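Q: Coordinates only, no sequence provided:
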């Protein structure tokens, strides 16, 4: 029950971020609702399609579909207010990040994937929705260009969860510290302005 | 038999629209053929991959592949003529829209999905090909930005079909009015210039 | 064993091309690693998802994942040198092209697809990674616009392999000439400057 609420909350935060991008890129109501849904649920869909667990659970369960659609409508009407809540959105997003990284990695591991693929699929769960959002709205994906520490904390938490699963550690014992690693690192990166490296530039 | 012909006709219209975009965006022959195929069949592929019905039927049956390839070649040669037939293309497209919306929703429902996911997958069948077309040719997807009534009539017909299936109504009895709703609404929207809402703009 | 080495070599060449695009488009370290992986393995993933063979073998086997990640890191550090090796990269790429075209078509044929779909999926194995690379880095896919002979030699070799499989020819007897056709045609096209046709332009 707590997990369901956390999961839906994470989806809601992602969906609002997708809807805000849609508003800023001047999409119409269809664009706002599609981007909210794809951003909220797309990462899990890519993971589930790649591991062959179809239809994705979040596509079968209407509660999972109504959350991003509802968030899309709210953003459509109240985007001036929501658009000013960047800071709060970032904090909630960091919690969603930890949850999705761990849940995605554990799901992949339960489907028989080893720690390296499971860690990668945990990260895909986190960033896949944002990739689809940006590609569909005509932007180069922020997660690939911004130099922000976003995917790296995600893959770190995913790796911890996947290795713990491999070693047979009890799920709760590995999930909480792994999610805390991702969320904590992400929050610290925001507060301290830490960034990821970019390629060195030379004259051509 | 009638259904097969209608299905292939719908695919052909979508394929021509894809090939015309390819020509306008200055793609080469490969681009024209890829965009024709992806626009004609891509929506069904996304639906089938998401519900786990792979390989998609239209990938196994060479007739389904030759239609968009042939339309791509025709457009490659005769695009100045076809490009001037916007009006006719739009009308045929509206019929394809109704057909794809209903067929997509019913297929999803037959695979055990409830009315909400089935309605969404019906719409995905309709707009998925156009999304791929626009992303591959470097445009923000028209269906998300134009404010045209396209996805909304599609999802309406899909929802009627999915609800009818859920209530156990005979397929023909629900499919025809559902497709008529989508096609009729779409045609009216073109003729009367009806549009979908866009987010309100405020100063930042 | 030889096949595994060739396969990993092909993936490595594709991965380097992906990482170089990432560097040129100013992506960060995450972008470089994601593009290297997606370019090296993405074509096979799309093929496997479409034929329903999930999880893709290259996602289950960590050796297949470490090759593009390693190539991505090497490119991140040594891109000024690698970026000047266009000619060598093109030659290796032509060998990868032949290998992927044949391997992709045979895999699709073994999964029960006829020659037309198998030939198309062989080509998808070759160009899918590059499509994802370009879409994720904000470019119109080169393979659809450049007018280079790339996809056409690929689909030719795929078709030969698929038809040979259909006729029951021994795999080795069909695979080698089919791959040679693709690779040879591609190399000749580079050396002689052969191009694919583009749509004729008229005044509108």
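A: Perfect, thanks for sending it. What you see is a predicted model; the values in this text were computed from it and never measured.

Q: Can you name the residues of chain A that neighbour chain C?
A: A:49-52, A:111-114, A:116-117, A:120-121, A:131, A:135, A:139-141, A:143-147, A:150-152, A:196-199, A:202, A:204 (Cβ under 8 Å from any Cβ of the partner chain). C-beta here means a position set from N, CA and C on the backbone, and glycine is covered the same way.

Q: just checking, which of those belong to helices?
A: Among those, DSSP state H puts A:49-51, A:116-117, A:120-121, A:131, A:135, A:143-145, A:151-152 in helices.

Q: Can you narrow the residues of chain A next to chain C down to the ones near chain B?
A: Within the residues of chain A next to chain C, those near chain B by Cβ under 8 Å from any Cβ are A:49, A:52, A:135.

Q: shaky segments in chain A?
A: A:201-204 (pLDDT under 70).

Q: Write out the residues of chain A neighbouring chain B.
A: Counting by Cβ under 8 Å from any Cβ, chain A sits next to chain B at A:22-23, A:25-32, A:34-35, A:37, A:45, A:49, A:52, A:54-56, A:59-60, A:62, A:65-66, A:76, A:79-80, A:83, A:135-138.

Q: Number of residues surrounding residue A:193?
A: Residues lying near residue A:193 (other Cβ atoms under 10 Å in any protein chain shown) number 9.

Q: quick one: it and residue A:148, what's the gap?
A: Between residue A:193 and residue A:148 the computed distance is 10 Å (Cβ to Cβ, to the nearest Å).

Q: Then residue A:106?
A: 25 Å.

Q: got the contact list for the helix or strand containing residue A:74?
A: Using DSSP states H and E, residue A:74 falls within helix A:62-82. Contact partners of helix A:62-82, identified using Cβ atoms under 8 Å, 6 or more residues apart in numbering or on different chains, comprise A:8, A:11-12, A:14-16, A:18-20, A:22-23, A:29, A:32-33, A:35-37, A:39-41, A:57-59, A:89, B:114, B:116-117, B:120, B:197, B:199, B:202.

Q: and what of stretch A:172-185?
A: A:94-95, A:97-99, A:101-102, A:105-106, A:149, A:152-154, A:156-158, A:160-161, A:164-165.

Q: Cross those against helices and list the overlap.
A: Going by DSSP H, the helices hold A:94-95, A:97-99, A:101-102, A:105-106, A:152-154, A:156-158, A:160-161, A:164-165 from these.

Q: Run a quick neighbour tally on the residue nearest to residue A:59 when sequence neighbours are not counted.
A: Distance criterion Cβ to Cβ, 6 or more residues apart in numbering or on different chains; nearest residue to residue A:59, sequence neighbours excluded, is residue B:117 at 5.2 Å. When neighbours are counted by other Cβ under 10 Å, residue B:117 registers 27.

Q: Let me see the contact set for residue B:117.
A: A:55, A:59-60, A:62, A:65, B:108.

Q: wait, which of these is closest to chain C?
A: Nearest to chain C, judged by Cβ to the nearest Cβ, of the contacts of residue B:117 is residue A:55 at 13.2 Å.

Q: measure the residue lying closest to that closest one once chain neighbours are set aside to residue A:84 for me?
A: Using Cβ to Cβ, 6+ apart and skipping the chain neighbours, the partner closest in space to residue A:55 is residue B:51 (4.9 Å). For residue B:51, the distance to residue A:84 equals 40 Å [Cβ to Cβ].

Q: just how off-centre is the one helix or strand residue A:182 maps to within its chain?
A: Assigned by DSSP H and E, residue A:182 belongs to helix A:171-192. Its chain's C-alpha centre and that of helix A:171-192 lie 14 Å apart, by Cα atoms, centre = their mean, to the nearest Å.

Q: quick one: buried residues of that helix?
A: In terms of neighbour count (16 or more other Cβ atoms under 10 Å in any protein chain shown), helix A:171-192 has its buried residues at A:174-175, A:177-179, A:181-183, A:185-187, A:189-190.

Q: just stretch A:37-52 next, same as before
A: A:37-52.

Q: Can you name the two of those that sit furthest apart?
A: Within the buried residues of stretch A:37-52, A:39 and A:52 form the most distant pair, 23.4 Å apart (Cβ to Cβ).

Q: hang on, the earlier thing: out of the contacts of helix A:62-82, which sit inside helices?
A: Those of the contacts of helix A:62-82 lying in helices (DSSP H): A:8, A:11-12, A:14-16, A:18-20, A:22-23, A:29, A:32-33, A:35-37, A:39-41, A:57-59, A:89, B:116-117, B:120.

Q: Now the buried members of these.
A: So, by 16+ other Cβ under 10 Å, the buried ones in those are A:8, A:11-12, A:14-16, A:18-20, A:22-23, A:29, A:32-33, A:35-37, A:39-41, A:58-59, A:89, B:116-117, B:120.

Q: State the distance from residue A:87 to chain C.
A: Taking Cβ to the nearest Cβ, to the nearest Å as the measure, residue A:87 falls 23 Å from chain C.

Q: Give me the neighbour count for that residue.
A: Neighbourhood size, residue A:87 [other Cβ under 10 Å]: 8.

Q: I'd like the distance between it and chain B.
A: Relative to chain B, and taking Cβ to the nearest Cβ, residue A:87 is found at 16 Å.

Q: Would you agree residue A:15 is in contact with residue A:38?
A: No: using Cβ atoms under 8 Å, residue A:15 makes no contact with residue A:38, being 9.0 Å away.

Q: tally of neighbours for the residue lying closest to residue A:10 once chain neighbours are set aside?
A: Leaving out its chain neighbours, the residue that sits closest to residue A:10 by Cβ to Cβ, 6+ apart is residue A:96, at 3.1 Å. By other Cβ under 10 Å, 24 other residues sit near residue A:96.

Q: got it, and the one 5 residues further on?
A: Neighbouring residues of residue A:101 were enumerated by other Cβ under 10 Å; the total is 35.

Q: ok, now the one 10 residues further on?
A: Applying other Cβ under 10 Å, we find 19 other residues in the vicinity of residue A:111.

Q: Run through the residues that contact it.
A: Contacts of residue A:111 by Cβ under 8 Å, 6+ apart are A:51-53, C:55.

Q: Check residue A:91 too.
A: Counting by Cβ under 8 Å, 6+ apart, residue A:91 has contacts A:187, A:190.

Q: try it again with 7 Å
A: Each residue near residue A:91 by Cβ atoms under 7 Å, 6 or more residues apart in numbering or on different chains is listed here: residue A:187.

Q: so it is in which element?
A: helix A:86-110.

Q: Report the inter-axis angle for that helix versus helix A:62-82.
A: If you take axes from the mean of the first three to the mean of the last three Cα atoms, to 10 degrees, helix A:86-110 sits at 160 degrees to helix A:62-82.

Q: in chain A, which residue is closest to the centre?
A: Per Cα atoms, centre = their mean, the C-alpha nearest to the average position across chain A is that of residue A:126, at 2.9 Å.

Q: can I assume that residue sits in a helix?
A: Yes: using DSSP: H, G, I helix; E, B strand; the rest coil, the assignment for residue A:126 is a helix.

Q: List the contacts of it.
A: A:43, A:97, A:100-101, A:104, A:154.

Q: any idea how far the closest residue to residue A:13 other than its chain neighbours lies from chain B?
A: Excluding the flanking residues, the one nearest residue A:13 by Cβ to Cβ, 6+ apart is residue A:92, at 4.4 Å. Going from residue A:92 to chain B by Cβ to the nearest Cβ gives 22 Å.

Q: and residue A:92, how many neighbours?
A: 17.

Q: Quickly note the distance from the residue nearest to residue A:10 to residue A:150.
A: Taking Cβ to Cβ, one finds residue A:96 at 11 Å from residue A:150.

Q: same deal with residue A:187?
A: Distance from residue A:187 to residue A:150, by Cβ to Cβ: 12 Å.

Q: for residue A:90, same thing?
A: 10 Å.

Q: Provide the secondary structure category for residue A:27.
A: coil.

Q: Next, give phi and psi for it.
A: Backbone dihedrals for residue A:27, given as degrees, to the nearest 10, come out at phi -80, psi 170.
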